[in-house]
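Q: Fold the following.
(2 chains)
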Protein chains: 2
Amino acid sequence: MKRLKVNLKERSYDVVIGHGALNSLSDIVKKLDIGRDAFIVATPIIKALYGSRVRKQLKKAGCSCFFRLIPDSEKAKSVSICINILNELAAYDTKKRIFIVALGGGVTGDLAGFIASVYRRGIPYIQIPTTLLSQVDSAVGGKVAIDLSVGKNLIGSFYQPRVVVSDISLLKSLPDSEIKNGLAEVVKYGLISDAEFFTYLEENYVNILKSKPEVLEHTILKCSKLKALVVEKDERDNKDIRIALNCGHTIGHAIEAAGGYSKYTHGEAVALGMVIEAGLACILKKLNPKVRTRLEVLLGAIGLPTRIEGVDLDNIMTAQEHDKKIISGVNRFVLPVKIGGVRVFDSIPTSKVRTALSERM
Amino acid sequence: MKRLKVNLKERSYDVVIGHGALNSLSDIVKKLDIGRDAFIVATPIIKALYGSRVRKQLKKAGCSCFFRLIPDSEKAKSVSICINILNELAAYDTKKRIFIVALGGGVTGDLAGFIASVYRRGIPYIQIPTTLLSQVDSAVGGKVAIDLSVGKNLIGSFYQPRVVVSDISLLKSLPDSEIKNGLAEVVKYGLISDAEFFTYLEENYVNILKSKPEVLEHTILKCSKLKALVVEKDERDNKDIRIALNCGHTIGHAIEAAGGYSKYTHGEAVALGMVIEAGLACILKKLNPKVRTRLEVLLGAIGLPTRIEGVDLDNIMTAQEHDKKIISGVNRFVLPVKIGGVRVFDSIPTSKVRTALSERM
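A: This next block holds a predicted model:
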């Protein structure tokens, strides 16, 4: 089992990574001394799979447990569900010693973390990510949010968990498509900040797809470390450092939105986003086309899409122009300039963005 | 005009205090460079009184203005109004250069500040407090919140404004009752942290009631300074320092709640709370009864109540036990131990709290 510290002064916390990490939950919660009443947010499937294990651990730590089930989709991040949960939390919170457990993937973590951030101006919460995507990405870093009808993640906070417990054995129950989904973000970490890790992925992606424990553990530890380094330098995303994590996401989000959030999964859209943004960097002569090819080959080998199908170019352009990363009416992209390095570009001509997209259609 | 800096590292900001301070709004906003589209939250009365002055200043700074009117009561802090405003904000925010202006009293500041804290994980906001209570207390320090039906301020954040503009000339339009309301908090600052200021208030309260500009300016500057000192040491209220500001509020909130939020104003309830908590400190032999008498005389002279009428003792006890300052089932009080000093007391026997209350009925 590995332990990684995210250094954020009084908001510092550990990420505990390993096969069977969940078996330490009781000791972890006892040591943290974060409360006695656990309000656990999870989907019905995740509760069925891991609910009793989590409950057993928390009981051992002397905590009461209440499971709050949420829908297994982005709909869980609606304002109405959030408000309902806040009211239930207030009703359950009779002894003022409550804490929240986000047991699930990115949607669960976002919703439960946001609730923790605003209830009584912030109560403790812990993340137990159950997908590869959330273990390598969303569980670490404290970005939490819910959706407005006009756009995703429009209401949110920067609010760090008290611990992240990434148990690799939980990934066994994931369908292959979910592993691939997570791998898109994994490749992103190599692309934006670690050439050696990118090479490791080229050599080991098959073992990740096969869920080989030591390769998974190395991968999740590596991504968590890379993310922690970025978050430590720019916790609130206002120093042009954390924005590097958006590589592939500007175009990726636009593809997701233009496809009505049903045509492509988040991971698939990010894979497409990275390939197209790499293409855009090539058009701007900021990236060697050989790098784009390496990226494309790796994503393709994993089984992620590298060409857009069934989504209209104009719709993607419109969605991209509404993206929240557009500041003061000027577009902003984080583009790869080499394997392991990105740069921020402002005001890229729309025509070049369009060309980069059409190359992949 | 006076300028006071609240030192909170990258979250530091100025409090600008003076007669006509609003006339500097244009320069202040330009210098801060916080955005170009002002989303101004205000009640209809406040908009009618100061809307055009604020609009003129913001236009001069090159900003567009949108006024969002809210009810003139605690109802404005409901979840449904908050969500409606967030949706309108998202619709108005087409160029991603929006900022929020809280133009009004404590309710306006709490609501508008909370919205600023969560919209896009936090956008800039400025406080223009228009009541004595908000100028001396709520506008400084970054505690913002809205209400759930089960309790006040249950959803909130710690989120600092980018500037506070306290224009003393705005207080001219306040009814006497509102000045008295604010004076309860003013007396609290003397009681908890500054014996000299307490004496100043004993000598000058009449001039405050008469809204004498130089006395008002001194008073608001002094209270803002005392609050800033506390907030600088304990921004997130987790070090047993900021809790000093709750002196008079544990009992005060219980009296407000037991009176259905209609029997006493916040200031009146805080005045009663201070007298009763001073009485409790006397019962515990932690305070010289002469100090309680000085406090009582000053509050009475101002015209604030020092005896409870028309609220049931049992209802107050019940409300007090539900107060959110009760931690892990143990009550917690901040009691005066001298003029200019308080201490935190845990687990005070219920019978003594009851005695302190009944002495004042």
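Q: A:Leu299 and A:Met1, how far apart?
A: In this view, A:Leu299 and A:Met1 are 31 Å apart by C-beta to C-beta, to the nearest Å. Placement of C-beta: from N, CA and C, glycine included.
Q: Same drill for the two, tell me which one is more crowded.
A: Remark: of A:Leu299 and A:Met1, A:Leu299 carries more neighbours, 25 against 13, as counted by other C-beta atoms under 10 Å in any protein chain shown.
Q: what does stretch A:78-86 rub up against?
A: Stretch A:78-86 is contacted from outside by A:41, A:68, A:70-71, A:75, A:111, A:114-115, A:118-119, A:146-148, A:155, B:79, B:83, B:148, B:154-155, using C-beta atoms under 8 Å, 6 or more residues apart in numbering or on different chains.
Q: how about a cut-off of 7 Å?
A: A:68, A:70, A:111, A:114-115, A:119, A:146-148, B:79, B:83, B:148, B:155 (C-beta atoms under 7 Å, 6 or more residues apart in numbering or on different chains).
Q: again, but for stretch A:13-27
A: With C-beta under 7 Å, 6+ apart as the contact definition, stretch A:13-27 has outside contacts at A:1-6, A:28, A:53-54, A:57-58, A:60-61, A:140, A:160-169, A:213, A:217, A:220-221, A:224.
Q: Which elements pack onto the helix or strand of chain A with the lowest mean pLDDT?
A: Taking mean pLDDT, DSSP states H and E as the measure, the helix or strand of chain A with the lowest value is helix A:313-321, at a mean of 90. With contacts taken as 3 or more C-beta pairs under 7 Å, 6 or more residues apart in numbering or on different chains; DSSP states H and E, helix A:313-321 sits against helix A:249-258, helix A:350-358.
Q: Can you name the next helix or strand after the first one?
A: So that's helix A:249-258. The first helix or strand that comes after helix A:249-258 along the chain, using DSSP states H and E, is helix A:266-283.
Q: contacting residues around A:Lys227?
A: With contact taken as C-beta under 7 Å, 6+ apart, A:Lys227 is in contact with A:137, A:140-141.
Q: cutoff 10 Å now
A: Shown in contact with A:Lys227 (C-beta atoms under 10 Å, 6 or more residues apart in numbering or on different chains): A:4, A:6, A:15, A:136-141, A:185, A:189, A:193, A:242, A:245.
Q: Likewise for A:Ala301?
A: A:201-202, A:205-206, A:209.
Q: May I ask which helix or strand encompasses A:Asp14?
A: A:Asp14 is part of strand A:13-18 when elements are defined by DSSP H and E.
Q: Helix, strand, or coil at whatever residue of the stretch 1-150 of chain A ends up closest to chain B?
A: Residue nearest to chain B within the stretch 1-150 of chain A (C-beta to the nearest C-beta): A:Arg121, separated by 4.4 Å. Taken by DSSP: H, G, I helix; E, B strand; the rest coil, the conformation at A:Arg121 corresponds to coil.
Q: Any chance of the backbone angles for it?
A: With angles defined as degrees, to the nearest 10, A:Arg121 sits at phi 60, psi 30.
Q: Please apply the same query to A:Asp167.
A: phi -90, psi 110.
Q: how close does it sit to A:Asp110?
A: A:Asp167 sits 20 Å away from A:Asp110, going by C-beta to C-beta.
Q: With A:Gly18 instead?
A: Taking C-beta to C-beta, one finds A:Gly18 at 24 Å from A:Asp110.
Q: ok now do A:His253, which residues does it touch?
A: Taking C-beta under 10 Å, 6+ apart, we find A:His253 in contact with A:151-153, A:246, A:266, A:269-270, A:273, A:316, A:319-320, A:322-325.
Q: try 8 Å
A: By C-beta under 8 Å, 6+ apart, the contact list for A:His253 reads A:152, A:269, A:273, A:319-320, A:323.
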